[in-house]
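Participant: Following is a predicted model, sequence given first.
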Amino acid sequence: MKRTKVHLIKRMLGTGIALTLAMGMTVGLSGCGGASDGDVVVLRVANWEEYIDEGDWDEEDGIEFSDGTILCPESSLVEDFETWYYETYGQKVKVEYSTFGTNEELYNQITIGDVYDLVCPSEYMIMKMLREGMLEPYSEGFHDKDKEENYYENGVSPFIAQVYDGLAIDGHKLNEYAAGYMWGTLGIVYNPEEVTEEQASSWKILMDKSLDKRITIKDSVRDAFFAAVSIQYYDEITAEDFLEKENYSDALYACLNRTDQETVDATEEILSAIKRNVYSFETDSGKADMVTGKVVANQQWSGDAVYTMDQAEEDEVELCYAVPTESTNLWFDGWVMLKKGISEDSRKQQAAEAFVNFVSMPENAVRNMTYIGYTSVISGGDSDVILEFVEDTYGADPEEEDPEDLVEYDVTYFFGEDKEAVILTTEDQTRRQLYAQYPSQDVVDRSAVMACFDNEGNERINRMWTNVRCFDLQNWLHETFDK
Amino acid sequence: MKQKHGFQRKQLAIPYAIFLLLFVILPLLVVIFYAFTNEDGHFSLENYVAFFRSGKTVGTLLYSIVIALVTTVICLLIAYPTAYVLSKTGLKSGDALLLLFVLPMWINFTLRITALKEILTLIEGNLAFHPFANTIICMVYDFLPFMIMPLYNTLTKLDDSFIEAAQDLGAKKHHVFLKVILPLSVPGIVSGVTMVFLPSMTNYVVLDMVYNSTFIMGSLIGSYFSAYDWHNGSVISIILLLIICLITALSSRYTEGETDGRVGAMK
C-alpha cells in the first residue's frame, strides 16, 4: 500500500507522541518521495558538497578532444543522468540529490532516520557501514565486463581495482559493496620560496620549529592521527630492512593502523607538540591562507592541493605539493547502496547501479575532474579519453619548450600495461598539479589505506584528540610558575 | 461581543506551547537521558566522574570560564559608561546613537569577525601568537551590543529625582554614583551579564575563526557528538546547564533585592 504524507502524519498524531512527529516528518517526507510511484523511479543520492559537475561551463573552459568533439556541458551531470537513463532504459528516473560535509555527518543523518539509496562516503566509513550491515551488495550483472553499459567495471583503473580487491571486512569483500569515485593521497602543500622540497617531504615538518605558527594541519582526527603515527614510527618504516621486506605494503599498512594504547599515547605527545607549533587546525581556511602567505605549508588532500595550486596561480603565487617520503594515506570515496533505501526494489537498484556507471563514463569522469579538481578512479578501459585529458592538461610540447626542462612522467600503474601512459611534461609538474592528481609510482608504493578502527581503538583515539585539544592546565601552570 | 466559536484568549498560547514542548522540553529530556546513562542504557554517573577527574577537561572548563569572565568584565566596563552617556543625552539623539551600537548586529556575524580578523592581522602580523587576546577581542566585539541594550534600558528609566535628592543632601559625585546610580542599575547589569557570560562560554566559532586551537565547552560538545558520543556530549551540556541555573539563581536574588536597593538609596 502506498502511504501518503497525510496518512502518515494522521497516524502519528493519533499516537500523540510529538517527538515522533518532529522526527517522523523528515522521514515521512523523504519516505513518501522515495516510493517508486507509477512510472518514475526516485533515486535518493547523497554526495559530498561540490563533488560533482554542476554544468554551466564557460565556453573557454571547454575541452576539445582529438576526434574534434568539444566538451562544454551546460546542464549538470545529475540532469544528464536523468535524460540518459530514460534514453537507455526507457524508464523515467528522478534524482533527489543532497550533500553532506563530513562522513560523520552522513552517518549521523542515516542513523537518525534519513533514507538514501546511494551515498558516497570515504573508505573507512564504507567499512564501518559494511560492518554494521547497512550496505546492499552490487548485483552480479554490475561486474559483467561483457556488457557495454558497465562503464565502471570496464573503466576502473587496474590499480584501484587491486586496492579494492585487497580490502575486506568480516569476510565481506569491499568490491562487492562499493564502487570507487575519487581517490588521492595526503600530503603537504608548500611555498617553495619559504620551504624546501626536502622539508615538505616528511610529516616532521608539522613539528618544525623554524616554521613556528606558519604551518597548518587539518582539523580532522584521522588526518592528524595519520601524520602523528607516521612521525612516531618514522625510524621503523624508513629503515632499509623494512623497505626491503617482501610484504612491505602489508607491513606498512599494519604499522600505520596501530591503535594500541602505547601508540595512541605517543601520538598525543606528538600532536600536542604540533598544536604548539602550528598556525591552526584548519577546516577550510588553509587554501586561502596559503595564497595570502599567512602560512607557508599545510597538510592537504591531493584534490584540494590541485585546487589550491590553481587558485594561487591566478594570484601569481607558485605553490607545490609534496608527499612525505615515509608514508601517505591512500584514500578513496566510493558509491555504496544502502539496504534501507533500496529495500529490495530491483528498479531502484538498477537505477543506482546505472548512476554509478554513468558517472564512470570516461567523458563524465573528465567533466568531474575538471570541475572539482579531484582524481577519478576511472582510467577509461578501452577508451583513451582520460589519458588524452591528462596529456592535454599537463603534457608539454617538445617543440615549444626547452627539452632540458622536460621529463617523462610514468603513470602506467594507473592506466594499465596496455596503454602507453608516459607523459612528457615540464619538470615543475612533477612537484605540482600533475604530481598531486596522478602521484608517481613511488608515492603509491609507500601509501597505506587507513582502515576503520575497532571501537576500542576509536575510543582511544577520540580521547587522545580531546586531550590534545583541551586546555592543558598542568602544562600552563608548569610554564607560568616554574619560570 | 461574545466569542461565537468558543475562542479563548489563552488559546493564543498554543503555538508557543507546542514550540516549547517540541524544541525545548523534549530535547532537554533527551539530553538528560543521555547524560545519566552509559552505552548499555543503564543509569550511570561515571561520565561525570571522568570529566572532573581529567585535568584536560577540567582545564577546558576553567579556560571557558576565564574567557567568559574576561569578556563579560570588559563588555561591562565599556558598555556601562556608554549606556550612561547615551541615556543622558536626551531621548531622541540617544536612540540614534544607540542605533550605531546595534547596527553591527544587522550584519552577519561571520562577516564581521572576518573583517576584524583581517584588521588584527594587519596589526599583529601573525594571529596565532596571541590566541587568547584575539579571542577576547572578537568576543567583546560580538557581545557588546547585548550588554549595552539592557543597561541602556535600565538607565533611561532611572528617575533623576533620586540623583537630585542625593546631590541636594550633599553627596559627592562618586557617592551619588556608588550609592544611587549603581544600585539602581543592578537589574540591567544582571541581565547584561547573563546575556554575555553564558554564550561566550560556548561560542567556539569565534575561536575557530581566530585560529585558537584550544577547545572551549562548546567545541567539546561538538567534538563528542561528531564521534557519536552522545553520552559525554550530553554530560557537558548538563554541566553548562547547571552553571546557567547557578547564575540565574544568583542574579534573581539581586533583581529581587532591587526594591531594597531603592529603599536603601533613599535612606
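Facilitator: Looks like it arrived, so ask away.
Participant: From now on I want contacts and neighbour counts done on CA atoms only, so please keep to that.
Facilitator: Will do.
Participant: How much space separates residue A:59 from residue A:73?
Facilitator: Distance check for residue A:59 against residue A:73: by C-alpha to C-alpha, to the nearest Å, it reads 9 Å.
Participant: Hmm, I typed the wrong one, I wanted residue A:364.
Facilitator: 10 Å.
Participant: just to revisit the earlier point, same drill for residue A:59 and residue A:73, tell me which one is more crowded.
Facilitator: residue A:73 (20 against 11; other C-alpha atoms under 10 Å in any protein chain shown).
Participant: residues contacting that one?
Facilitator: A:55-57, A:62 (C-alpha atoms under 8 Å, 6 or more residues apart in numbering or on different chains).
Participant: Export those residues to a markdown table and append columns for secondary structure and pLDDT.
Facilitator: Below are the contacts of residue A:73 laid out as a markdown table (DSSP: H, G, I helix; E, B strand; the rest coil; pLDDT from 0 to 100):
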| residue | secondary structure | pLDDT |
| --- | --- | --- |
| A:55 | coil | 87 |
| A:56 | coil | 86 |
| A:57 | coil | 86 |
| A:62 | coil | 82 |
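Participant: Count residues in the vicinity of the closest residue to residue A:423 other than its chain neighbours, would you?
Facilitator: Spatial nearest neighbour of residue A:423, chain neighbours left out: residue A:409 (5.0 Å); criterion: C-alpha to C-alpha, 6 or more residues apart in numbering or on different chains. By other C-alpha under 10 Å, 22 other residues sit near residue A:409.
Participant: Ok, residue B:169 next?
Facilitator: Residue B:169 has 9 nearby residues by other C-alpha under 10 Å.
Participant: what do you get for residue B:7?
Facilitator: Residues contacting residue B:7 under the criterion other C-alpha under 10 Å number 10.
Participant: Local confidence estimate at it?
Facilitator: The per-residue pLDDT reported for residue B:7 equals 73.
Participant: so it sits in a helix?
Facilitator: No - applying DSSP: H, G, I helix; E, B strand; the rest coil, one finds residue B:7 to be coil, outside a helix.
Participant: Output the below-cut-off pLDDT ranges for the stretch 51-200 of chain B.
Facilitator: B:90-94 (pLDDT under 70).
Participant: can you list the residues of it near chain A?
Facilitator: B:55-57, B:59-60, B:63, B:126, B:128-129 (C-alpha under 8 Å from any C-alpha of the partner chain).
Participant: List just the nearest of these to residue A:241.
Facilitator: Of all these, residue B:56 has the smallest distance to residue A:241: 40.1 Å, by C-alpha to C-alpha.
Participant: neighbours around that closest one, how many?
Facilitator: By the criterion of other C-alpha under 10 Å, residue B:56 has 20 neighbours.
Participant: Same check on residue B:114?
Facilitator: Each residue near residue B:114 was counted by other C-alpha under 10 Å, and the total is 15.
Participant: Now for the closest residue to residue A:182 other than its chain neighbours: which residues touch it?
Facilitator: Leaving aside its sequence neighbours, residue A:182 sits nearest to residue A:376 (C-alpha to C-alpha, 6+ apart; 4.5 Å). Going by C-alpha under 8 Å, 6+ apart, residue A:376 touches A:181-183, A:365-366, A:368-369.
Participant: got a list of what residue A:130 touches?
Facilitator: A:169, A:172, A:177 are the contacts of residue A:130 under C-alpha under 8 Å, 6+ apart.
Participant: repeat for residue B:72
Facilitator: By C-alpha under 8 Å, 6+ apart, the neighbours of residue B:72 are B:140, B:193, B:196-197.
Participant: give me that answer again for 10 Å
Facilitator: Each residue near residue B:72 by C-alpha atoms under 10 Å, 6 or more residues apart in numbering or on different chains is listed here: B:66, B:78, B:136, B:139-140, B:143-144, B:147, B:192-198, B:200.
Participant: From those, list the buried ones, please.
Facilitator: B:136, B:139-140, B:143-144, B:147, B:192-198, B:200 (16 or more other C-alpha atoms under 10 Å in any protein chain shown).
Participant: now those residues as JSON lines including secondary structure?
Facilitator: Converted to JSON lines, those look like this (three-state DSSP):
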{"residue": "B:136", "secondary structure": "helix"}
{"residue": "B:139", "secondary structure": "helix"}
{"residue": "B:140", "secondary structure": "helix"}
{"residue": "B:143", "secondary structure": "helix"}
{"residue": "B:144", "secondary structure": "helix"}
{"residue": "B:147", "secondary structure": "helix"}
{"residue": "B:192", "secondary structure": "helix"}
{"residue": "B:193", "secondary structure": "helix"}
{"residue": "B:194", "secondary structure": "helix"}
{"residue": "B:195", "secondary structure": "helix"}
{"residue": "B:196", "secondary structure": "helix"}
{"residue": "B:197", "secondary structure": "helix"}
{"residue": "B:198", "secondary structure": "helix"}
{"residue": "B:200", "secondary structure": "helix"}
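Participant: and of these, the nearest to residue A:89?
Facilitator: residue B:200 (57.1 Å).
Participant: Now do the same contact list for the closest one.
Facilitator: Contacts of residue B:200 (C-alpha under 10 Å, 6+ apart): B:64-65, B:67-72, B:136, B:139-140, B:142-143, B:206, B:216-218.
Participant: Helices - which of those land there?
Facilitator: B:64-65, B:67-72, B:136, B:139-140, B:142-143, B:206, B:217-218 (DSSP state H).
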